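**Q** Quick one: sequence and predicted model below, then my questions.
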Amino acid sequence: MPPERPAESPRRPRLTPAIADARRAVREHLADLAAGDLLLVALSGGPDSLALAAAAAFEAPRAGLRAGAVIVDHGLQPGSAEVAERAAESARDLGLDPVLVRRVDVGAMGGPEAAARAARYGALDAAATELDASAVLLGHTMDDQAETVLLGLARGSGTASVAGMAARAGLYRRPLLGLRRSVLAQACADARLQPWHDPHNDEERFARVRVRHSILPMLEKELDAGATEALARTAEIAREDAEALDQMVDEVAEELVELEEGGCSLPAAWLAANPAALGNRMIRLVARGEFGVALSRAQTLEVARLATDWHGQKAVHLPGIRVERTAGRIVFTLAPEPASSPAES
């Protein structure tokens, strides 16, 4: 008779391909952290974030790091407090410490998805500051990336949206962007973890859910079984291009932008001579960096025409900014506050 296999420890499951993939993905995001640093896992209790938490709990100690978790209770569903506490218990069982549960109030600004996202990141930012964490790990997958690209294409939001989510953005890291959602579900099953399945993920009123359940499966069936991977690859390429162009513009801006009374200016000749991808970025950079204003594409093109299609037109009036062409330069100044009427004073 063959010898009996030793029983698997509930805390040390048998290493399977799915578990190995999740651990490897996390490991690659820990190499630049210093010994003793704290990383936090943003844990919802769903399959993706639970597999991420398990991988972080395994890899962090081996890299000389500490690993904890933050569970954000949005309070949007009955029993949300119990779901949050169950996720916290899972994190403690994995050996994560500290484990925080944060209840947030979700507003209505920008719609339910955007409001929940803003509240969640606010809670994560606060927890990271409170605990002096060096990184926060998010459980977004390749499927999430593909959905983000499709939503960006539908909105016509340009390269920034098509580029999807960054693998690293300041404090935040997304180790799982190279893995399919099915791999993370398998990792949970292999490790005998019991994830929570958010009923909101089946509500068709959310655009992302419609993309997930209808549009992406249709693309996979009708066009190519590798459509999800192709969309994620498109995001990676678009992000590389966008970051390179942004870096070029940032470097050139130091030489081109001159301070003016109440604002700053750019040489019209530079905007006219360079590709629109650079010129439009420069205009948006000035508006955002000097005035804190995010321009739409239509607004950006209107400013660009002062350089590329100049025929003596008057100033362009944007929210909080006045832009005009003077002596061969595009001058940005703060727009004066509108005078109050006698009834308002």
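**A** Here it is on my side, so go on.
**Q** measure Ala269 to Gly263 for me?
**A** Noted for Ala269: a distance of 19 Å to Gly263, by C-beta to C-beta, to the nearest Å. (Glycine included, C-beta is placed from N, CA and C.)
**Q** okay, the two: which has more neighbours?
**A** Shown here are Ala269 and Gly263; by other C-beta atoms under 10 Å, Gly263 has more neighbours (17 against 11).
**Q** need the contact list for that one.
**A** Glu290, Phe291, Ile321, Val331, Phe332, Thr333, Leu334 (C-beta atoms under 8 Å, 6 or more residues apart in numbering).
**Q** Just the buried ones among these, please.
**A** Glu290, Phe291, Ile321, Val331, Phe332, Thr333 (16 or more other C-beta atoms under 10 Å).
**Q** Out of the contacts of Gly263, name the ones that lie in strands.
**A** Secondary structure from DSSP state E places Ile321, Val331, Phe332, Thr333, Leu334 of the contacts of Gly263 in strands.
**Q** Can you tell me the SS state at Glu324?
**A** strand (DSSP: H, G, I helix; E, B strand; the rest coil).
**Q** Would you check how far apart it and Gly263 are?
**A** Where Gly263 is concerned, Glu324 sits at a distance of 10 Å (C-beta to C-beta).
**Q** who touches both of the two?
**A** With C-beta under 8 Å, 6+ apart as the test, Glu324 and Gly263 both reach Val331.
**Q** Distance of the most centrally placed residue in the chain relative to Glu147?
**A** For the chain, the residue nearest the mean C-alpha position is Met165 (4.5 Å; C-alpha atoms, centre = their mean). As judged by C-beta to C-beta, Met165 and Glu147 stand 10 Å apart.
**Q** Correct me if wrong, but Met282 is in a strand.
**A** No: under three-state DSSP, Met282 falls outside any strand and is assigned helix.
**Q** Can you show me the helices along the stretch 101-250 of the chain?
**A** 112-131, 142-155, 159-162, 181-190, 207-210, 216-222, 227-256 (DSSP state H, counting those that start in this stretch).
**Q** Comparing the ones you listed, which yields the minimum mean pLDDT?
**A** Confidence, taken as mean pLDDT, is least for helix 159-162 of the helices of the stretch 101-250 of the chain (a mean of 78).
**Q** which pair in the ones in strands among the contacts of Gly263 spans the largest distance?
**A** Spanning the widest gap among those are Val331 and Leu334, at 11.4 Å by C-beta to C-beta.
**Q** circling back to that earlier point, now, the most widely separated pair of the contacts of Gly263?
**A** Once C-beta to C-beta is applied, the contacts of Gly263 give Phe291 and Val331 as the farthest pair, at 12.6 Å.
**Q** Tally up the residues packed near the closest residue to Leu193 other than its chain neighbours, please.
**A** Distance criterion C-beta to C-beta, 6 or more residues apart in numbering; nearest residue to Leu193, sequence neighbours excluded, is Leu50 at 5.4 Å. Using other C-beta under 10 Å, Leu50 has 27 other residues around it.
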